[in-house]
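>>> task: produce atomic coordinates for the following.
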Amino acid sequence: MDVLKEFSKDIKLVSYDKNKGKGGAVREGILSSMGEKVLFIDADGSIQPDEIPKMLEELDNYDVVVGDRASKDSNVNAIALRNMTGKLFNFYVNILFRCKTWDNLCGFKGFKKEIAKDLFTNLIAYGWIFDVELFYKIHKKNYTLYKLPIKWVHKGDSKIKLLDPFKMFFQLIKLRMKL
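Residues are numbered from 1 along each chain as shown. I've put the predicted structure just below:
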């Protein structure tokens, strides 16, 4: 926290009392943002900050830019369990939402400001599957999307467990019904 205070003129710290899940946390940050381009990146270090300028450059040409570990041009170092659960999850998503996205959960996404505000203002999903809702809305609203090949390295223990994709499947069905 002290490190953040040192940079307080350049950083706006957003906090709240009750845990709102990853989607809720990202939503709060996005809706509090002030720049013309808005992005978020997972804090685990799996995506290096030197990927950020590439995303910002592509946001000159697209409404939304997302890190895409599934791209043939990406350099991904992941453990087998993570690969398997990711493929299963994305298979479910593509059946239910027909968004044709094979990396829904990459924690590196950027938006033009007005697009970000539109996508996040009425966010329904506040947990892990909020990304799926974003892709669904991007597709439905015909926003331009660029899938950015990235370098990604597995860091630490994954919070995704073997049975999580099955639990997520039921969350996805609920989300699909709401959308």
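>>> centroid residue for the chain?
G107 (4.1 Å; CA atoms, centre = their mean).
>>> quick check: that one touching L39?
No. Applying CB atoms under 8 Å, one finds G107 not in contact with L39, separated by 10.5 Å. For the C-beta atoms, the positions are set from N, CA and C on the backbone; glycine is no exception.
>>> which pLDDT value goes with the residue nearest to the centre of the chain?
pLDDT recorded at G107 is 92.
>>> mind checking how far the nearest residue to it once chain neighbours are set aside is from N104?
For G107, ignoring the flanking residues on the chain, the nearest one in space by CB to CB, 6 or more residues apart in numbering is D42 at 3.1 Å. Distance, D42 to N104, using CB to CB, to the nearest Å: 14 Å.
>>> list the contacts for the residue nearest to the centre of the chain?
Applying CB atoms under 8 Å, 6 or more residues apart in numbering, one finds that G107 lies in contact with 40-42, 44, 46-47, 67.
>>> which of those fall in helices?
Using DSSP state H, no member of these falls in helices.
>>> could you point out which element follows the helix or strand bottoming out on mean pLDDT in the chain?
In the chain, no helix or strand scores lower on mean pLDDT, DSSP states H and E than helix 2-6, which sits at a mean of 56. Using DSSP states H and E, the helix or strand that follows helix 2-6 in sequence is helix 21-32.
>>> fine by me, we can end here.
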